[in-house]
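Engineer: coordinates for the following, if possible.
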Amino acid sequence: MGKNNKEKINRQVAWFVSYNKKFGFLKNENYNKIYFNKYILDKNRINEEMLNENAIFEITVEENEKGASAGEIRYIPYRMPKDTRTLIEKENIDNFYLKLNKAAHFNIDKFDLTKAVKGENFRKVPINSLVKRQLLSLKDMSIQYERINFVPQWRLIVGLGHESVYETSMTLHHIYGIPYIPAQGIKGVLRSFIINQLFAKNDEGELDLENAEKRALKDHGFKFIFGDEKQQGKVRFFDAYPASEPEIELDIMNPHYGPYYKGEEKYPGDYYNPVPVTFLTVRDTEFIIYFGIKQEDNKAIEEGKFEGQKPLAVISCWLEKALKEHGIGAKTAAGYGYA
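Structural biologist: Numbers count the residues shown, from 1 in each chain. The predicted structure follows:
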């Protein structure tokens, strides 16, 4: 009992200070110098790459006449309180959003996405119930609605540039932790696609993308569907959820011209070292996109580009075109996010 209590008291968190291939020092709030040697590293499977200014360790401290030295030493891959860290190391986190963002795994000098994608991340998520609940909500709203089943040909990336401890990110449902396509993203892609397709040319037939949106907002049907600064659009878009258990897969981009892109006044060249950046994608996953309108508003548009067509029919036709020809999400120019 006394021995276990002593070990509990002596177990402390420490930060890396220095290392010279044979021995080194750590420090914490109790000791300015805690000695350790290479034998201790090998014994506890700590490689020398882990010894940098960002490294944090859990150690047992042994004191003698020469000072303090590390007994056991363990690399800490999580930046969180000890009791929380101990819990997640014993239990698997079911929610992928929490696993990815709240229990981010730190590897050597940066947060690593690799650990997050391992395991069964969505097996316990009631996705079928979520899809049914969304449909019931639409029925309770007493609106006329339609749906499109969106199946990416390859991979889909949503929320790549959102704020994150990683270099990249992904849009995830804050409760269920599943990837989804936000309603504003669907509306934005469709709106932009229609503007570029139908309103790109001016009255003289010349290409004039700079004023394309202004021409679109003068169109009765376009303004009725999407709205403007003075009135809300009549068609409502809803978040698109996966129809079944989604598959998350790591991908990589490999920028070669880092100094050039950083504005260091250097020419781009193949002699720069590539800097791999990992990011998350959704693969082989079908998404259900719903959109709707009050029944009394789903009447034939009287004038403009969509004259004689009902709003839901316009959305259904043009959304399918947008998903096939423009794609949705990030990196569509590289082939991601196309139906």
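
Engineer: what packs against the helix or strand harbouring S129?
Structural biologist: With secondary structure defined by DSSP states H and E, S129 is part of helix 127-140. On a contact count with 3 or more CB pairs under 8 Å, 6 or more residues apart in numbering; DSSP states H and E, helix 127-140 meets strand 241-242, strand 287-293. Where you see a C-beta, it was placed from the backbone N, CA and C, and this is true even at glycine.

Engineer: compare the ones you listed and give me the one nearest F150.
Structural biologist: F150 lies closest to strand 287-293 among the helices and strands packed on helix 127-140, at 4.6 Å (CB to CB).

Engineer: what is the rounded mean pLDDT of the helix or strand just after that closest one?
Structural biologist: Sequence order places helix 311-325 as the next helix or strand after strand 287-293, per DSSP H and E. What helix 311-325 shows for mean pLDDT is 96.

Engineer: helix 311-325: how far from the chain's middle?
Structural biologist: 26 Å (CA atoms, centre = their mean, to the nearest Å).

Engineer: repeat that for stretch 103-115.
Structural biologist: Centroid displacement of stretch 103-115 relative to its chain, using CA atoms, centre = their mean, is 15 Å.

Engineer: so where do the strands sit in this protein?
Structural biologist: 11-19, 23-27, 34-37, 56-64, 67-75, 105-107, 110-112, 144-150, 155-156, 236-237, 241-242, 247-253, 277-283, 287-293 (DSSP state E).

Engineer: highest mean neighbour count out of those?
Structural biologist: Burial of these is given as mean neighbour count (mean count of other CB atoms under 10 Å); strand 155-156 ranks first at a mean of 24.

Engineer: name the nearest residue to the residue most central in space within the chain, ignoring sequence neighbours.
Structural biologist: The C-alpha lying nearest the average C-alpha coordinate of the chain belongs to M170 (CA atoms, centre = their mean; 1.1 Å). Of all residues not flanking M170 in the chain, L280 sits nearest, at 4.4 Å (CB to CB, 6 or more residues apart in numbering).

Engineer: verify the contact between that neighbour and P246 for me.
Structural biologist: No - counting by CB atoms under 8 Å, L280 stays clear of P246, with 10.8 Å between them.

Engineer: just to revisit the earlier point, what's the closest of the strands of the chain to I46?
Structural biologist: Of those, the one closest to I46 (CB to CB) turns out to be strand 67-75, at 5.7 Å.
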